[in-house]
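> no FASTA, just this:
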Ligand SMILES: Nc1ncnc2c1ncn2[C@@H]1O[C@H](COP(=O)(O)OP(=O)(O)OP(=O)(O)O)[C@@H](O)[C@H]1O
């Protein structure tokens, strides 16, 4: 398993009055294809939750709905109580996102990309400057701040995207397959960095991945398959419920069970 150098925070959704993220019976279809089917869960501040699903499970669709890229028509998504459809401004102000597809401007410098993001969030340059400096320092890229994105490696670009997602001070961080294509060292860096943020800033994190080892034994995991939540809980509990010793085996058992019941795959 990848290491996380900080003590994790336990799932606390039940003890929280207003969840950082609340997904209530959300369904979404593309024509006849049902991408999400009554998905429901909640995240509390400080929760590090891994959304585990194979290609096509519905992870990106859920992220697109949670960030307002798609209109949420069936069910409800709220960020700190703000409905993403009816009250989007405060909801979006609280979210930081690292999308699956890189969205940096390759011809701008690291700093220019971050200032642009800050301005989209209505931050004055004077307010953005110390935030940008601090986030770049934390991801080890302060000295490269005037380099253009195209001069960076894939892992460095991902770190820039993470720094950018945090510049406006979100309390909820959504990451869609953030480590795809990265080597072990870069994956471990990102995972450790995000786990630290959870612990230090009480950031709520939803980390979507198909890489099972990114859900350490101390994480909470939501298993999404065929648009449905098959399991949601602390990893040890998921193992107990599935009667397995590894999350990989539990995942395979859950998916096989869903398939044998005729659920979409
Ligand atoms: N724009 C779209 N039009 C039609 N079908 C779509 C569209 N986007 C996603 N789908 C379908 O919805 C389902 C869920 O896709 P989604 O991209 O959300 O899964 P995912 O878990 O993010 O997978 P991946 O890890 O491969 O990105 C899949 O069956 C996919 O083919």
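Ah, there it is. What you see is a predicted model; the values in this text were computed from it and never measured. Residues are numbered from 1 along each chain as shown.
> use CA for all of it now, contacts and neighbours both
OK.
> What is whatever helix or strand residue 188 lives in packed up against?
Here residue 188 sits within helix 184-201, counting by DSSP states H and E. Helix 184-201 sits against strand 204-209, with contacts defined as 3 or more Cα pairs under 8 Å, 6 or more residues apart in numbering; DSSP states H and E.
> Walk me through which strands the next helix or strand after the strand it packs on pairs with, and which way each runs.
Next along the chain after strand 204-209, taking DSSP H and E as the criterion, comes strand 220-225. Note on strand 220-225: by DSSP bridges, its sheet partners are strand 48-52 (parallel), strand 228-234 (antiparallel).
> Now stretch 229-242: average pLDDT?
Mean pLDDT, stretch 229-242: 96.
> buried residues in that stretch?
229-236, 238-239, 242 (16 or more other Cα atoms under 10 Å).
> which of those residues come close to the ligand?
By Cα under 6 Å from any ligand atom, no member of these lies near the ligand.
> Show me which pair in these is furthest apart.
Greatest spatial distance among the buried residues of stretch 229-242 (Cα to Cα): 229 and 236, at 17.3 Å.
> Let's see the pLDDT reported for residue 4.
Model confidence at residue 4, given as pLDDT, is 39.
> on that earlier part again, going by distance to residue 212, which of the buried residues of stretch 229-242 wins?
residue 235 (10.9 Å).
> Cross-check the contact I'm expecting between the closest one and residue 214.
No - with contacts counted by Cα atoms under 8 Å, residue 235 stays clear of residue 214, the gap being 11.4 Å.
> just to revisit the earlier point, which one among the buried residues of stretch 229-242 gets closest to the ligand?
Nearest to the ligand, judged by Cα to the nearest ligand atom, of the buried residues of stretch 229-242 is residue 229 at 11.9 Å.
> which helices and strands does the helix or strand where residue 161 lies pack with?
Assigned by DSSP H and E, residue 161 belongs to helix 154-166. When contacts are defined as 3+ Cα pairs under 8 Å, 6+ apart, helix 154-166 sits against strand 95-98, helix 110-120, helix 125-138.
> who touches that helix?
Helix 154-166 is contacted by residues 96-98, 102-104, 110, 113-114, 117, 132, 135-136, 139, 141, 149, 173, 178-179, 181-183, 186, 190 when judged by Cα atoms under 8 Å, 6 or more residues apart in numbering.
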